[in-house]
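Undergrad: Got a predicted model here, sequence first, then my questions.
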Amino acid sequence: MLDGMSTTLAPRSRWRARALKIAEAATAPLAPGDFLDLFAPLRAGAELRGRVESVHPETADAATLVIRPGSDWRGHVPGQYLRVGVDVDGVRCWRAYSLTHGPRADGRISITVKSVPDGQVSPFLVRHTKPGTLLHLEQAAGEFVLPVAGPRKLLFITAGSGITPVIGMLRNLYPSTDSGVLRPARSAPYDVVVLHVAPSEPDSIFTGDLRKLATAGAIRLVARYDDQHGILDLEDLDALVPDLGERTTFACGPGGLLDAIATHHEERGLPLFTEQFRVSTVVAGEGGSVRFEKSGVDVECDGARPILEQAEEAGVLMPSGCRMGICYTCVLPLREGAVRDLRTGELTTAVPGETSDGGVAIQTCINAAAGPCQIDH
């Protein structure tokens, strides 16, 4: 029986292979898959994409995009982020954005984007994206999530767009429906305080959501607006959160604030989980000329900003992803010279004849030039 089946299947395999060759010849220089992408871009087996189904303004410079992901989307855990690819002026640019919902029954996902002045991707997503737009996606990633069997008495400290991963966790814990905020049994053990900081109330993303959660008794909200209360002083934390010592803190926001919180909590021996969207510069490099060998381009880089940013400004097409040292998409070989980690001040050097033939792998999103460098790119 098996021999008979193999005899029958062999001509079919040969026929399929021949048909594929004919299709490839007929559609060259495009592949048959390129035509399928026109009609079924979200199909299984295709490059992962998502179709924007709706765009909802949150503030004057922020919007939420509801996206239908492709069939191969593997889902996410609340608090994770995904990388989104957008073609700008013929160049595909990737940025990382937090998912602002837990898993949804309709399979959709959402991200909330704050437009960055002079940015390439965020202004496009916030101001020019329409329903029907196709975006390139990668699978969800990140470890800024609630532990499965972790602490239940929590403090979330968020600033600006740092609220985005936290709102995904909160919406999963306390779903909001037309009849109000739900408090399912699985969320009953949680005791949550949210300390949210923003320049002003109109600039605060998800203010309405946080208020609804607070009104329903799901969370205790401590809102601090710079124009009303002044810049947050961490010495006030004990007064704002009297039982601070009993809580596990999850903090997300600008690097400066996170560094201050880390110092504060470390001095007191308090547990802390953090996530930041941009590199916080601790020690600047000396700067220098960076030569990209394969492209033959020389870029004069100062020592206070990542090589990635300055190379892009000079027109060099660079691999990139999260831009905060997490995803390692930006890694390139340093052939010669030295770079300095902007977060820690750690120096990495490459000396021809002493380092490996492949160079030393560096993350260009967190390293600055510390003298003349040669990078294999």
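TA: All right, it came through fine. Numbers count the residues shown, from 1 in each chain.
Undergrad: what's the neighbour count on the closest residue to residue 254 other than its chain neighbours?
TA: Leaving aside its chain neighbours, residue 254 sits nearest to residue 159 (5.9 Å; criterion: CB to CB, 6 or more residues apart in numbering). C-betas here are computed from N, CA, C, even on glycine. Look at residue 159: counted by other CB atoms under 10 Å, it has 23 neighbours.
Undergrad: quick one: residue 159 and residue 166, what's the gap?
TA: Going from residue 159 to residue 166 by CB to CB, to the nearest Å gives 11 Å.
Undergrad: Let me see the mean pLDDT of stretch 347-359.
TA: Stretch 347-359 carries an average pLDDT of 83.
Undergrad: And stretch 252-268, by the same measure?
TA: Taken as a whole, stretch 252-268 has a mean pLDDT of 91.
Undergrad: Show me which residues of that stretch are buried.
TA: Within stretch 252-268, the residues that count as buried by 16 or more other CB atoms under 10 Å are 252-255, 257-258, 261, 264-265.
Undergrad: ok, the residues you listed vs residue 355, which is closest?
TA: residue 255 (30.1 Å; CB to CB).
Undergrad: and that closest one, backbone torsions?
TA: Main-chain dihedrals, residue 255, degrees, to the nearest 10: phi -60, psi -40.
Undergrad: Parallel or antiparallel, which strands does the host helix or strand of residue 94 pair with?
TA: Here residue 94 sits within strand 91-98, counting by DSSP states H and E. Using DSSP bridges, strand 91-98 pairs in its sheet with strand 81-88 (antiparallel).
Undergrad: State the mean pLDDT of the strand it pairs with.
TA: For strand 81-88, the mean per-residue pLDDT is 88.
Undergrad: Next: stretch 294-312.
TA: This predicted structure assigns stretch 294-312 an average pLDDT of 90.
Undergrad: cool, and stretch 48-68?
TA: According to the model, stretch 48-68 has a mean pLDDT of 95.
Undergrad: For it, output the C-alpha coordinates as CSV.
TA: Presented in CSV, the C-alpha positions along stretch 48-68 are these (Å, rounded to 0.1, in the frame of the first residue of the first chain):
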residue,chain,number,x,y,z
LEU,A,48,3.9,38.9,9.3
ARG,A,49,1.8,42.0,8.8
GLY,A,50,-1.1,43.7,10.4
ARG,A,51,-4.0,45.8,8.9
VAL,A,52,-5.0,48.9,10.7
GLU,A,53,-8.7,48.8,11.3
SER,A,54,-9.2,52.0,13.3
VAL,A,55,-7.3,55.0,14.6
HIS,A,56,-8.4,56.7,17.9
PRO,A,57,-6.8,60.0,19.0
GLU,A,58,-5.8,60.0,22.6
THR,A,59,-4.2,63.5,23.0
ALA,A,60,-3.1,66.2,20.6
ASP,A,61,0.0,64.1,19.8
ALA,A,62,-0.9,60.5,20.5
ALA,A,63,-3.2,58.0,19.0
THR,A,64,-4.3,54.3,19.4
LEU,A,65,-4.1,52.0,16.4
VAL,A,66,-6.3,48.9,16.5
ILE,A,67,-4.7,46.3,14.2
ARG,A,68,-5.8,43.0,12.8
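Undergrad: Let me see the residues that make contact with that stretch.
TA: Residues from elsewhere that reach stretch 48-68 (CB atoms under 8 Å, 6 or more residues apart in numbering): 41-42, 69-70, 72-73, 100, 107-115, 125-127, 129-139, 161, 202-206.
Undergrad: Now the buried members of those residues.
TA: Buried members of the contacts of stretch 48-68, counted by 16+ other CB under 10 Å: 42, 69-70, 73, 100, 108-115, 125-126, 129, 133-138, 161, 203-206.
Undergrad: Filter those residues down to just the ones in helices.
TA: 125-126 (DSSP state H).
Undergrad: So which of the buried ones among the contacts of stretch 48-68 are in strands?
TA: Within those, residues falling in strands by DSSP state E are 69, 109-114, 134-137.
Undergrad: Just the closest of these to residue 342, please.
TA: residue 114 (22.0 Å).
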